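Chemist: Got a predicted model here, sequence first, then my questions.
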Amino acid sequence: MSLRSEIMSGLFALLTFLALSSGDAKPHAGLKTWGRFSKLPYPGDKAFLYDNFPSDFIWAVGTAAYQVEGAFEKDGKGLSIWDTFTRGGNRMATGDVGSDSYHNIHADIRAIRQLGVTHYRFSLSWSRIFPNGTRGSYNEIGTNYYRTLIKRLKEIRVQPVVTLYHWDLPEHLQQSLGGWSNPELVEIFKDYSDFCFHEFGDDVKYWITIDNPFVVAQHGYGTGVVAPGIKNDPDLPFRVGHNLLKAHAAAWHLYNRHYRPRQQGKLSMALASHWIKPRRTRLESLRECQCSLDHVLGWFARPLFADGDYPPCMRERLGSRLPSFTQEEREQVRGTADFFALSHGATLSFQLINDSLKFGQLEDLDLRMLLYWVNAEYDKPPIFVVQSAIIIDGVNMIGYTAWSLIDGFEWHREYGIRRGLYYVDFNTPDMKREPKTSATFYRNVIHKNGFPELPENRPAQGMFPCDFAWGRRVFYSKSTFVASSWFETTPTQFADPNVYLWNISNNGELIKLEGVSAPPLHRATHCADYATIRQQVDEIRQVGVNHFHFSLNWSALVPTGDVAYPNTTLLGYYRCFTRQLAQANVTPVVTLWHHTRQRSNLPTLLDTANRWLNRKTPEAFADYARLCYREMGAHVKMWITLNEPNDEMVSYQEGHQMLRAHALAWHAYDREFRHTQRGQVSLALHMDWVEPAFSFSREDVEPAKRVLDFNVGWLAEPIFGSGDYPMGMRSWLRQLNSLELPVFNAEDRQLVRGTYDFFAMSHFSTKLVTHAKEDSRYTYTEMLEIQHMIDTTWIMSPRPVVPWGLRKALNWVKQHYSDVPIYVMANGVQEDPARFKDSLRVYYLYNYINEALKAFTLDGVNLKGYFAYALNDQRDPGFGLYGQVHEEVIVKASLSNYHNIIQHNGFPIPGASLQQCPALPQPCSGCHILIRRPVVGFLTLVGSGVLITLGLIIYYTAKRHKEYY
């Protein structure tokens, strides 16, 4: 995770956290956290929260002495346990120089001032003040360094937050006393604290006694991963933790009695924690999660914030291994924290937790839930996030600290990672500091005091024009016969050659006679032969759309590749289907060829002969297009030649031939069919948005443009623009000495350029890109020199849900290709097919369509239509408005919501006059009967006979009547 993402997710969590409150704490009150969050409305609760922090909110940034100071033996400083630890074993680097902050106060102060923070958290090097750990070795020069730092901070109106101990114990105390394993350190630490309160306390209002005692105890004296590197005694960490708690309590009481009345400061211990989620929803799993937190955070938090003793879970599982507090010691420890100083992040202590402390549950990074748990478990203490990123559930949050100010020595990871907001060039004599984009981001957040809602973040109100195309998109199936995933050409009784007996003596069922069939009827195929057309059209009409987009399958319609021998049954089916759609006032939108990675969908001869690299393929495609125009063009007024050919798996040479195929098909329609059919033709491109990870960094803006050139401009620019591939694409490939991109000759350029009637795009999601290879978890594209990333605050399913990405994509098209009419031909989200109350899809459609409205009304994008994807889960699993259980079709919540948006033609302003649109002709409810020609013929014959008979009866009756008289 990038530092910017870490800060972003934490701040988002803090905002969400501050908004909701919990009740009074009870024993194990934090246990309700998992259940509470599982019941919050999804996905609205996961959406980004725009709001501000309180006006007195603390914005801080932090460092630790050993990581950044350097000067490990300068001006009388004594050795610390880290100076010794880094020289032992197989360690590769030391913090001897670090970021050299000891000689760079001015550079650090400049960085702090640029950020605009209100507080700066730093730690004192115990061995720089007392070289051997005790007052008798007092070092005046070392103390003056901190006096100067505090003075400079006050000059720029930044308040210091001072940590007394951040893991760097004087080596002399470790060697002579055994370090924190010796109870004598309690009084020694108290005396060191007394000196610091006296020397610096008038200017310090926030004190941290000990940072992350879990790491100090568990990994300094248990696993040996960090200094002093002691291991092999499994009980020693608990004795060390016991002494750390006593030392903290002694310092707190000292400050409370002797310094607080005058200095008016606050003091706490900084506690770090992971977050854990249950593997199953059972109560046993929740209790294991609670116990996991108790063994890490509760180990120190419960004695301080609850009853002065360790969590019952620890006592039960550790027994006599865990030291005991006397009643007097409990009272001494209990309540010795003025605020809850909390650390949480992707690179903090939870990375050092072994599996045994997870108790079979799943580790997670969720600051918001952790904050809520702390708030509930410890009766709403004031919380100061002292190392991580922030949240808002009504919790008493007072501040946030980004970690860290500058790059430095990262403990057991040495210089392997960089966590600073400022980049440090370790190869320059003055350790030059340069702000990273995360510094700019954090500065902007501080300046705005959070994330205030901007006009572009608010839902738009308004309507689309009366002729706006509302559509639904489906893809075809993998069947070689059925050309759409949604279509079935099942024969009816008029085409069924089987013979049946009617079992009238029993239940009336038809009994099929095996081996017996009726002679062929020798008649033309009728629309009534396709049993499902009426049902299919009815389902489409229920959605309320006025357009329906589906794909044909070239290889199914023309199996041999010769248009003289098409699949007449399938062709007849599509003629009937498009006619029936048109009669129902639904405009068919037909794709001739839809790209899939699984198969080419080319006729067999072309599929086995270099596919799209075959120079005959574009001409064959144009012939296939003519066949479709001729057979279906009377009812189809929108054609897509190629759907989403701009796939990364398509080579540049294949793409070149696809452009020629599209152009030939477009010109065929333009010259031979347009004057009679009056339709429109274009191609549809896949266009997910690509956003710079740091939009204010040119280093990321350029890669984002590059990706859009390669992903979209590649096939868009030759058609909608210059008639050639994008200049940025050509120049980048030339820089790489690549000759893969074909060159348009004059004939092909003239052929391809301008072959469009509209711009059609499929859009589903958004990605971030950065120029730096930051995180191995994300995809890095060597050829483009970019890394794809995901903002951790985005809703995922499984792709990110980022509604504003659609608006940006639409504006990109407008900016590049002027006022071209645009259709969003496919837009949808995948959700669990079993979730019929598909709240994520409801959220997705509402917000994406609203962003489309903003593009139309606010940005002037010539948007002509929107097609939601898809219709049915059976054909497009997880994307459908209809679900299915066995044979039963289920209407999902998203269908009625989409239908409602269509009915209102957008999002009308409450109280505004209704939009006046011309009424459409009502669909003929009985027209489906008229296309069943055998039925019509039979009824006509019977009707004629009846009329003749009635006429004769009337005639002869009248004649007899005359004769009688």
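Modeler: Noted; the coordinates are in hand.
Chemist: how close does residue 53 sit to residue 813?
Modeler: Separation of residue 53 from residue 813 (C-beta to C-beta, to the nearest Å): 38 Å. All C-beta atoms are positioned from the backbone trio N, CA, C, and that covers glycine.
Chemist: I misspoke; the intended subject was residue 628.
Modeler: 27 Å.
Chemist: so where's this protein uncertain?
Modeler: 1-27, 345-353, 387-394, 475-497, 500-510, 520-525, 774-777, 920-946, 948-949, 951-965 (pLDDT under 70).
Chemist: Can you pull the domain assignment for it?
Modeler: The record's domain parsing of the chain by the TED database lists 52-451, 469-517+525-907.
Chemist: To residue 458, which of those lies closest?
Modeler: Across the domains of the chain, residue 458 has its closest neighbour in domain 469-517+525-907 (9.5 Å, C-beta to C-beta).
Chemist: Now do the contacts for the residue lying closest to residue 79 once chain neighbours are set aside.
Modeler: Closest residue to residue 79 apart from its sequence neighbours, by C-beta to C-beta, 6 or more residues apart in numbering: residue 171 at 4.1 Å. Residues in contact with residue 171 (C-beta atoms under 8 Å, 6 or more residues apart in numbering) are 78-81, 83-84, 127.
Chemist: Of these, select the buried ones using a PyMOL command.
Modeler: Filtering the contacts of residue 171 down to the buried ones (16 or more other C-beta atoms under 10 Å) takes a single PyMOL command:
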select buried, resi 78+79+80+81+83+127
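Chemist: Mark which of the contacts of residue 171 are part of helices, please.
Modeler: Among the contacts of residue 171, DSSP state H puts 81, 83-84, 127 in helices.
Chemist: Among these, pick out the one closest to residue 546, please.
Modeler: Looking across these and measuring by C-beta to C-beta, the closest to residue 546 is residue 81, at 74.3 Å.
Chemist: who touches the closest one in this structure?
Modeler: Residue 81 neighbours (C-beta under 8 Å, 6+ apart): 167-171, 174, 179, 220, 227-228.
Chemist: Was I right to think residue 892 contacts residue 881?
Modeler: Yes - here residue 892 reaches residue 881: they are 5.6 Å apart, a contact under C-beta atoms under 8 Å.
Chemist: Quickly list what's touching both of the two.
Modeler: If you check residue 892 and residue 881 against C-beta under 8 Å, 6+ apart, the residues they both contact are residue 841.
Chemist: Looking at these two, which has the bigger crowd around it?
Modeler: residue 881 (29 against 21; other C-beta atoms under 10 Å).
Chemist: List the contacts of the more buried one.
Modeler: Here residue 881 is in contact with 472, 543, 841, 868, 870-872, 891-892, 894-895, 898 (C-beta under 8 Å, 6+ apart).
Chemist: Which one of those is nearest to residue 71?
Modeler: Among the contacts of residue 881, and counting by C-beta to C-beta, the member closest to residue 71 is residue 841, at 59.3 Å.
Chemist: The strand or helix carrying the closest one packs against which elements?
Modeler: Element membership for residue 841, per DSSP states H and E: helix 839-857. Packing partners of helix 839-857 (3 or more C-beta pairs under 8 Å, 6 or more residues apart in numbering; DSSP states H and E): strand 800-801, helix 804-817, strand 863-869, helix 893-903, strand 906-907.
Chemist: so the longest one versus strand 863-869, what angle?
Modeler: Same thing as helix 804-817. Here the directions of helix 804-817 and strand 863-869 differ by 140 degrees (axes from the mean of the first three to the mean of the last three C-alpha atoms, to 10 degrees).
Chemist: wait, doesn't residue 422 sit right on residue 111?
Modeler: Yes - counting by C-beta under 8 Å, residue 422 does reach residue 111; the two are 5.0 Å apart.
Chemist: Tell me which of those two has more neighbours.
Modeler: Set residue 422 next to residue 111 and count neighbours by other C-beta under 10 Å: residue 422 wins out with 25 against 22.
Chemist: can you tell me which two in the ones in helices among the contacts of residue 171 are farthest apart?
Modeler: Between any two of the ones in helices among the contacts of residue 171 (C-beta to C-beta), the greatest distance is 10.8 Å, for 84 and 127.
Chemist: can you pull the contacts of residue 631?
Modeler: Residue 631 touches 571, 574-575, counting by C-beta under 8 Å, 6+ apart.
Chemist: ok, now with 10 Å
Modeler: 557, 566, 568, 571-572, 574-575, 578 (C-beta atoms under 10 Å, 6 or more residues apart in numbering).
Chemist: any idea how far residue 624 is from it?
Modeler: 11 Å.
Chemist: same deal with residue 786?
Modeler: 37 Å.
Chemist: Next: residue 298.
Modeler: From residue 298 to residue 624 the distance is 69 Å (C-beta to C-beta).
Chemist: what does residue 736 give?
Modeler: 37 Å.
Chemist: ditto for residue 782
Modeler: Distance from residue 782 to residue 624, by C-beta to C-beta: 38 Å.
Chemist: Show me which of the two is the more surrounded one.
Modeler: Applying other C-beta under 10 Å to residue 782 and residue 624 shows that residue 624 carries more neighbours, namely 25 against 8.
Chemist: didn't the more buried one look like it was pressed against residue 561?
Modeler: Yes - with contact defined as C-beta atoms under 10 Å, residue 624 and residue 561 form a contacting pair (8.4 Å).
Chemist: which neighbours do those two share?
Modeler: Common neighbours of residue 624 and residue 561 (C-beta under 10 Å, 6+ apart) are 554-555, 602-603.
Chemist: Of these, which is the nearest to residue 638?
Modeler: residue 554 (18.3 Å).
Chemist: how many neighbours does the closest one have?
Modeler: Residue 554 has 25 nearby residues by other C-beta under 10 Å.
Chemist: now do residue 829
Modeler: 25.
Chemist: Tell me how far residue 610 lies from residue 560.
Modeler: For residue 610, the distance to residue 560 - C-beta to C-beta - is 17 Å.
Chemist: which ones among the shared contacts of residue 624 and residue 561 are found in helices?
Modeler: 554-555.
Chemist: Make TSV out of the shared contacts of residue 624 and residue 561 and add distance to residue 31.
Modeler: Listed next are these as TSV, based on distance: C-beta to C-beta, whole Å:
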residue	distance to residue 31
554	60
555	59
602	60
603	64
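Chemist: neighbour-wise, which of the shared contacts of residue 624 and residue 561 leads?
Modeler: Most surrounded of the shared contacts of residue 624 and residue 561: other C-beta under 10 Å gives residue 554, at 25 neighbours.
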